[in-house]
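Peer 1: Please find the sequence and the predicted model below.
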Amino acid sequence: MSSGVALRLRTLQRHLGSLEVWTQGSFPVLLVAQGRGMEPGSSPLTTHVLDTASGLPAEGLCLRVSRLEDHGQQWTELRKSYTDPDGRCPGLLLPGQMKAGTYKLSFDTEGYWQKRGQETFYPYVEVVFTITNETHKFHVPLLLSPWSYTTYRGS
């Protein structure tokens with residue numbers, strides 16, 4: 001077996017072997033098979049983080065999704081997750097969980113850079129955006145280095 005085929009098989013096994021339990025309050029409501037190709041089409045919100053200092057996907061970056069509630073007075077955390085080996089975080093929200101409003105993606109950039117022995121100027125990045133049509137899909141990429149970041153609305 002060639003090394004390329006073996007690598008693809010190990011990657012596929014890693015993706016298929018990883019399960020995550022989604023909860024609502026303290027009750028499990030759904031088992032999700034993580035991995036790129038397993039559910040990205042079902043989530044209305046996705047992100048992709050690229051480490052521009054290394055030119056590689058930012059694997060293992062912790063992020064949180066929150067929605068502004070109580071007439072703009074309080075953020076409610078909807079999900080905490082980590083980017084996969086491809087720097088993606090598919091399935092950030094359950095289908096039907098998105099509603100019109102203001103959302104925030106909070107990226108723990110300090111934790112990411114500390115794991116790599118790198119100092120950073122930005123301890124976290126918060127991307128705040130407004131959803132007016134909950135039937136659309138939203139992709140929010142982040143290009144990240146220890147000294148800068150860029151984001152945009154992707155497709």
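Peer 2: Nice, I can see it.
Peer 1: Bridge partners for residue 69, pull those for me.
Peer 2: Per DSSP bridges, the residues bridged to residue 69 are residue 74.
Peer 1: isn't it right next to residue 76, touching?
Peer 2: Yes. Residue 69 is within contact range of residue 76, at 4.8 Å (criterion: C-beta atoms under 8 Å). C-beta here means a position set from N, CA and C on the backbone, and glycine is covered the same way.
Peer 1: pLDDT below threshold where in the protein?
Peer 2: Applying pLDDT under 70 to the chain flags residues 1-41.
Peer 1: got a list of what the residue most central in space within it touches?
Peer 2: The centre of the chain sits closest to residue 89, judged by C-alpha atoms, centre = their mean, with a distance of 3.3 Å. Contact analysis of residue 89 by C-beta atoms under 8 Å, 6 or more residues apart in numbering lists 46, 47, 48, 49, 63, 81, 82, 83.
Peer 1: how about a cut-off of 7 Å?
Peer 2: Contacts for residue 89 (C-beta atoms under 7 Å, 6 or more residues apart in numbering) come out as 46, 47, 63, 81, 83.
Peer 1: What of residue 63?
Peer 2: Residue 63 is in contact with 81, 89, 105, 106, 107, 108, counting by C-beta under 7 Å, 6+ apart.
Peer 1: Determine the three-state secondary structure at it.
Peer 2: Secondary structure assignment for residue 63 (DSSP: H, G, I helix; E, B strand; the rest coil): strand.
Peer 1: Bridged to it, which residues?
Peer 2: Counting by DSSP bridges, the residues bridging with residue 63 are residue 81, residue 107.
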